[in-house]
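Q: Structure for the following, please:
(4 chains)
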There are 4 protein chains.
Amino acid sequence: MTLPAPLTGVVPPVCTPLTPEGEVDVPSLLRLVDHLVGAGVHGLFVLGTTSEAAYLTDRQRTLVVESVVGHVGGQLPVLAGAIDMTTPRVREHVGAVTRAGAQAVVVTAPFYTRTHPEEIARHYRLVAAASPVPVLAYDLPSGVHTRLPAEVVLELAAQGVLAGLKDSSGDLAGFRRVVAGAREQCGSTGFSVLTGSELLVDAALALGADGAVPGLANVDPHGYVRLDGLCRAGDLERARAEQERLCALYRMVDAGDPARMGASSSALGAFKAALHLRGVIDCPLTAEPQIPLTQEEVRRVGKFLAAAGLL
Amino acid sequence: MTLPAPLTGVVPPVCTPLTPEGEVDVPSLLRLVDHLVGAGVHGLFVLGTTSEAAYLTDRQRTLVVESVVGHVGGQLPVLAGAIDMTTPRVREHVGAVTRAGAQAVVVTAPFYTRTHPEEIARHYRLVAAASPVPVLAYDLPSGVHTRLPAEVVLELAAQGVLAGLKDSSGDLAGFRRVVAGAREQCGSTGFSVLTGSELLVDAALALGADGAVPGLANVDPHGYVRLDGLCRAGDLERARAEQERLCALYRMVDAGDPARMGASSSALGAFKAALHLRGVIDCPLTAEPQIPLTQEEVRRVGKFLAAAGLL
Amino acid sequence: MTLPAPLTGVVPPVCTPLTPEGEVDVPSLLRLVDHLVGAGVHGLFVLGTTSEAAYLTDRQRTLVVESVVGHVGGQLPVLAGAIDMTTPRVREHVGAVTRAGAQAVVVTAPFYTRTHPEEIARHYRLVAAASPVPVLAYDLPSGVHTRLPAEVVLELAAQGVLAGLKDSSGDLAGFRRVVAGAREQCGSTGFSVLTGSELLVDAALALGADGAVPGLANVDPHGYVRLDGLCRAGDLERARAEQERLCALYRMVDAGDPARMGASSSALGAFKAALHLRGVIDCPLTAEPQIPLTQEEVRRVGKFLAAAGLL
Amino acid sequence: MTLPAPLTGVVPPVCTPLTPEGEVDVPSLLRLVDHLVGAGVHGLFVLGTTSEAAYLTDRQRTLVVESVVGHVGGQLPVLAGAIDMTTPRVREHVGAVTRAGAQAVVVTAPFYTRTHPEEIARHYRLVAAASPVPVLAYDLPSGVHTRLPAEVVLELAAQGVLAGLKDSSGDLAGFRRVVAGAREQCGSTGFSVLTGSELLVDAALALGADGAVPGLANVDPHGYVRLDGLCRAGDLERARAEQERLCALYRMVDAGDPARMGASSSALGAFKAALHLRGVIDCPLTAEPQIPLTQEEVRRVGKFLAAAGLL
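A: Have a look, this model is predicted:
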């Protein structure tokens, strides 16, 4: 199966359920995939930030891609993150995830090293030249600590280096510039502009985004599929109400005590606790060295589920 | 050979020479090691930031450690970076570099993910529990985007989790707090406090640091060995003059045009150009996606060498 | 005249035209006010960031407020910034601008000093207690270097301390949280939630914002008034087209060479050049130490005006 | 009295004691000045960050300068901060503090606005052109959110625009570059390079600094005068011991609970509590909106004083 151009709709960044020993829990992962596919999502993004790719060993990463690709059997496209610090290491991941069957790869700018727009552009050119599948850029300043400049993205789009953008910058105005520029440049050639926001899917689609990659769609895929449908149907009143329901649900990410843990532990811990409470995965554990939620914090997550009608 | 406790003196972070094709150039690497050992350095740190560890594949990393450890044959300690985003991935690198013979590992806080002091402490505990050799913490906020809090380092030192600190924070006052705290806590038990600064080695030793890990020592190891000796002999006048000569030499890191490349490309490009001009390595190439220096920029590097009496 | 609750529509942050000697050019200022009022804007915000309040002396600030308030004579509300580092200094500005006739004041969190949410809340409580007019919070992390936490804003709204928020954070998701929270808490009591974005007015209004404070409305007030009207009429297709025209026009802010000047010099220089080219103000000078645009850079501004049909 | 060139020794940034009502407590201020002068300090810096200049109204600022200048009567130089956002506002403060008798002014880069090295240089040129007394640059990235580039400082030093630098950047390597550059450029012409660090005075003097401006010298001026003397006498062993005693004392700045207040509230609250406990000032209050220390937190400050032999 090849990647639709553009890719549209809801493409959840799939959580990676773990066993109590920290291994990938493949049966839970496949139940989660069924939960998402059954809700009507339009693609799957494995090995992203929400998938805890940063915490998975190379062996675990390959296992995730093989398991998911094998399970969905071409029903819908599977994108895989190739998350590492620089070109040579990213190239290795691209090889591994495409051998495992991924239909597109998602790649950040270099990180850990101090980089520059020229180096970011060179990075994508080199990665794309070595990739058998389309490459999407992943703008994640909270992790990468640089922004992907809109001009760089648009230049690489025009040159056919990049097939799309997943934007997790939180900067909807910058995102809009890419949407407008891509439409102008690429016309119907199908550059995919996807928002990584959970909270602004309605706004992003209204200004021309192709789709959304919301981490919270693990917990409530039906909600995001419904939201996407309402937006495409132009029923903005109900779209806004659905989005606001999801915004309220999203606040589960603050369930963990910030005096005791970081934002990843809290947010990913909440998503996994919610999937556990909903009966989708066996164990809510996040990868090391993240701090687990306490029982009280899990109860808070449950309250958000109940308020959203999900328990 | 086991790691001295504390480790003292000059421990260069060894550059990784590459072939024009981007492979590790082992003969050049071994010539560089001879250049350093011949100058009298007190240890070697491979797979650090200056070594472009962030750009080396797992296979290349292992090749570097095996080559260097095999070559020095126990004459002096070899520390290796285990640089990756989180605990599970770092643990894999610790396994690889210690199987390849490293006598200590150097580990940063988690990066890419949004972390927290509690998670940083947990990370080091888990890594140390799995490491057959001593673990040194690596404070590199320019890459990792969090600071290692002094209290966390001191707590882990007191508990025997950490064997030392390589401080590349640029914050000498914070470093002093660790030096003083470690002396108070550990007394003679040998926690190693090492500065990663090229520019403040005299100041760091004066306030009680055990040693230095200066990238510029690749280019002028004799200078840093001399500086270390003068400081230990209490000849502060000549130490300061030597340090100031090295500060002037260090300014080669700005040889690259900041409109065209990032700080890593410029600094690592300058170090490698200098090693090439001095006849130590065959090819000055830095790893992808870094931008190579132009001929004019290399000429600038040559002028710094000439001014420092190194050509 | 009292402040409408909520304040809705387009409330431009009024530029402050200067003479070649750096004095406030009152005739040009009043022509600019006529240009804005004639276009149908719904309020005026003087002494904001776009007004170069940071560059105006106390005497000049008072002159601006007196001139504008006297000129509009109660036709529409005039809000004034009271921009300074801490409570005691802000309190003095509140006194000065309200004596000069401002109907509301706009106040940032403390800056220059290292602050804390508790101190931010205390700051607003103290300022509001001393203010004879409503206080709006001004979230400007690019200048103030802290964010206004949504919970702090909502708590102060619920307590009647704050009458509104001008959000220039660039974070539409955070803004949405305040919009939703304020609606829930205050219901019809009229807390005003205003976006400071030029580029997302349609999106902000769609998710429930009361109005917009776009700097670019100095240059094209008719465009923003039209946009506001289309949004309120539910004509989203044409609203989006109008917004996209304004987005293209906004790119004039990059007219200045970033190698030679900062973002304020470039953006405010472009707005003033545009107002000069459109014949509204006599002199395009920005305040010291900003760097003036070159003739070539001014020509670039002219091209944006021409492309937008404004010349 | 004119400013010595260079200014050397200990130049405390003088705290501004307040009454319970938030007014400047002039009798306490003069007792504090006597406490400092009696200990042998070499100059006084009023209206700096430690003086809470950011919190003082214009009237209060003038009162502080007049009171201190009148009281010391030319026995030692009095420098005054002219702390504000941009050139026109700084120029007003320069006029006010020099009319009140200050013998030099201390000026930061522009803040609140987004600035650029060219604008910073222009700012200092314009301020110096309008100042009847020497201008020192104040590098305070924690407040100003830009660094003063070493090249800009050195260029302005060479041109006679700047008479000195007070460096509170925490970056001793960057400071060293200015020290070395100034010595090379200015030779004996007397550019003053002063560290704002409490914790690295010995190191700064060892590498060539002219003097120090440590906030903690309010609390223990005798300690810093002793430290300065030991460094100048070359008694490095005892200098280091004295510096380490002061480092331990400095940790009082963490007395305040970070869950409840910012770093300014805690540090300035601790200095004032210490001055109150030592009987120098009547009231330990800090300016609004800072959060006062609790009795328990004040007790912690007392313990630091006791441990340092100051109670």
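Q: Which single residue in chain A comes nearest to chain D?
A: residue A:259 (7.4 Å; Cβ to the nearest Cβ). Placement of C-beta: from N, CA and C, glycine included.
Q: so that residue sits right up against residue D:259, yeah?
A: Yes - Residue A:259 sits in contact with residue D:259 when judged by Cβ atoms under 8 Å, with a separation of 7.4 Å.
Q: Tell me the confidence at the residue of chain A closest to chain D?
A: Looking at residue A:259, its pLDDT stands at 95.
Q: tell me, how many neighbours does it end up with?
A: Neighbourhood size, residue A:259 [other Cβ atoms under 10 Å in any protein chain shown]: 9.
Q: Over to the one 4 residues further on?
A: Around residue A:263 there are 16 other residues, counting by other Cβ under 10 Å.
Q: residues touching it, list them.
A: A:253, B:114 (Cβ atoms under 8 Å, 6 or more residues apart in numbering or on different chains).
Q: What helix or strand is residue A:165 located in?
A: Here residue A:165, judged by DSSP states H and E, is contained in strand A:164-167.
Q: Is that strand in proximity to chain C?
A: No - judged by Cβ under 8 Å from any Cβ of the partner chain, strand A:164-167 and chain C are separated, with a smallest distance of 12.4 Å.
Q: Give me the average confidence score over stretch A:161-173.
A: Averaging pLDDT along stretch A:161-173 gives 97.
Q: Run me through the strand neighbours of the strand holding residue A:165, direction for each.
A: In the sheet, strand A:164-167 lines up against strand A:135-139 (parallel), strand A:192-195 (parallel) (DSSP bridges).
Q: Output that strand as PDB, restricted to C-alpha atoms.
A: Provided in PDB are the C-alpha atoms of strand A:164-167 (Å, rounded to 0.1, in the frame of the first residue of the first chain):
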ATOM      1  CA  GLY A 164       4.400  16.200   4.300                       C
ATOM      2  CA  LEU A 165       4.700  17.800   7.700                       C
ATOM      3  CA  LYS A 166       3.500  16.800  11.100                       C
ATOM      4  CA  ASP A 167       3.400  20.000  13.100                       C
END
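Q: thinking in terms of the whole chain, how far from its middle is that strand?
A: With Cα atoms, centre = their mean, to the nearest Å as the basis, strand A:164-167 stands 10 Å off its chain's centre.
Q: List the contacts of it.
A: With Cβ under 8 Å, 6+ apart as the test, strand A:164-167 has contacts from A:6-7, A:45, A:48, A:104, A:106, A:134, A:136-139, A:148, A:153, A:157, A:174-175, A:178, A:191-197, A:210, A:213.
Q: continuing past that strand, what's the next helix or strand?
A: Where DSSP H and E defines the elements, the next helix or strand beyond strand A:164-167 is helix A:172-186.
Q: Any part of that next one near chain C?
A: Yes - residues of helix A:172-186 contacting chain C under Cβ under 8 Å from any Cβ: A:172-173, A:176-177, A:180.
Q: One more: stretch A:237-248?
A: Yes - counting by Cβ under 8 Å from any Cβ, chain C is contacted by stretch A:237-248 at A:240, A:244, A:247-248.
Q: got the buried residues for that stretch?
A: Within stretch A:237-248, the residues that qualify as buried are A:239-240, A:242-247, counting by 16 or more other Cβ atoms under 10 Å in any protein chain shown.
Q: what does chain A have sitting close to chain D?
A: Counting by Cβ under 8 Å from any Cβ, chain A sits next to chain D at residue A:259.
Q: Find the least confident helix or strand in chain A, judged by mean pLDDT.
A: Ranked by mean pLDDT, DSSP states H and E, the helix or strand of chain A with the weakest confidence is helix A:172-186, at a mean of 93.
Q: orientation of it relative to helix C:172-186 in degrees?
A: 130 degrees (axes from the mean of the first three to the mean of the last three Cα atoms, to 10 degrees).
Q: other SSEs contacting helix A:172-186?
A: helix A:150-158, strand A:164-167, strand A:192-195, helix A:201-206, helix C:236-250 (3 or more Cβ pairs under 8 Å, 6 or more residues apart in numbering or on different chains; DSSP states H and E).
Q: Which one, of these, ends up nearest to residue C:27?
A: Shortest distance between residue C:27 and the helices and strands packed on helix A:172-186, using Cβ to Cβ, is found for helix C:236-250: 26.0 Å.
Q: And the contacts of the closest one?
A: Helix C:236-250 is contacted by residues A:176-177, A:180, A:206-207, A:236, C:198-202, C:206, C:214, C:216, C:219-220, C:223-224, C:226-227, C:230-231, C:304-305, C:307-308, C:310 when judged by Cβ under 8 Å, 6+ apart.
Q: Would you mind checking the residues you listed for buried ones?
A: Here, 16+ other Cβ under 10 Å leaves A:176-177, A:180, A:206-207, A:236, C:198-202, C:206, C:214, C:216, C:219-220, C:223-224, C:226-227, C:230-231, C:304-305, C:308, C:310 buried among the contacts of helix C:236-250.
Q: Quick check: which ranges of chain A have low pLDDT?
A: Residues of chain A meeting the criterion pLDDT under 70: A:186-189.
Q: at 80 instead, please
A: For chain A, residues meeting the criterion pLDDT under 80 lie at A:1, A:186-189.
Q: Now do the buried residues in stretch A:81-98.
A: Buried residues in stretch A:81-98 (16+ other Cβ under 10 Å): A:81-94, A:96-98.
Q: what about that stretch, near chain B?
A: Yes - residues of stretch A:81-98 contacting chain B under Cβ under 8 Å from any Cβ: A:83, A:85-89, A:92.
Q: And the strands in chain A?
A: A:9-10, A:44-46, A:78-81, A:104-108, A:135-139, A:164-167, A:192-195, A:211-212 (DSSP state E).
Q: just these: most buried one?
A: Scoring these by mean neighbour count under mean count of other Cβ atoms under 10 Å in any protein chain shown gives strand A:78-81 as the most buried, with a mean of 30.
Q: re earlier: export the residues of helix A:172-186 next to chain C to TSV and tack on distance to residue D:288?
A: Listed next are the residues of helix A:172-186 next to chain C as TSV, based on distance: Cβ to Cβ, whole Å:
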residue	distance to residue D:288
A:172	36
A:173	35
A:176	41
A:177	42
A:180	46
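Q: Now do the contacts for residue A:197.
A: By Cβ under 8 Å, 6+ apart, the contact set of residue A:197 is A:167-168, A:170, A:172, A:204, A:212, A:214, C:173.
Q: out of those residues, who's nearest chain B?
A: Looking across the contacts of residue A:197 and measuring by Cβ to the nearest Cβ, the closest to chain B is residue A:168, at 12.3 Å.
Q: count of neighbours near the nearest residue to that closest one once chain neighbours are set aside?
A: Spatial nearest neighbour of residue A:168, chain neighbours left out: residue A:196 (3.3 Å); criterion: Cβ to Cβ, 6 or more residues apart in numbering or on different chains. Here the number of neighbours of residue A:196 (other Cβ under 10 Å) works out to 26.
Q: so residue A:196 touches residue A:213, yeah?
A: Yes - using Cβ under 8 Å, residue A:196 is in contact with residue A:213, at 5.0 Å.
Q: Touching both of the two, which residues are there?
A: Joint contacts of residue A:196 and residue A:213 (Cβ under 8 Å, 6+ apart) are A:13, A:166, A:168.
Q: so how many other residues sit close to the last one?
A: In this case it means residue A:168. Neighbour count for residue A:168, taken as other Cβ under 10 Å: 25.
Q: The first one now?
A: Summarising burial for residue A:13: neighbours were counted as other Cβ under 10 Å, giving 26.
Q: what residues are up against it?
A: Shown in contact with residue A:13 (Cβ under 8 Å, 6+ apart): A:45-46, A:48-51, A:196, A:213-215, A:217-218.
Q: gap between residue A:30 and residue A:24?
A: From residue A:30 across to residue A:24, the span is 11 Å (Cβ to Cβ, to the nearest Å).
Q: Looking only at neighbour counts, state which of the two leads.
A: The neighbour comparison of residue A:30 against residue A:24 (other Cβ under 10 Å) goes to residue A:24, with 21 against 16.
Q: Spell out which residues of the stretch 1-150 of chain A are next to chain B.
A: Counting by Cβ under 8 Å from any Cβ, the stretch 1-150 of chain A sits next to chain B at A:22, A:49, A:54-58, A:60, A:83, A:85-89, A:92, A:110-116, A:118-120, A:122-123, A:126, A:142-145.
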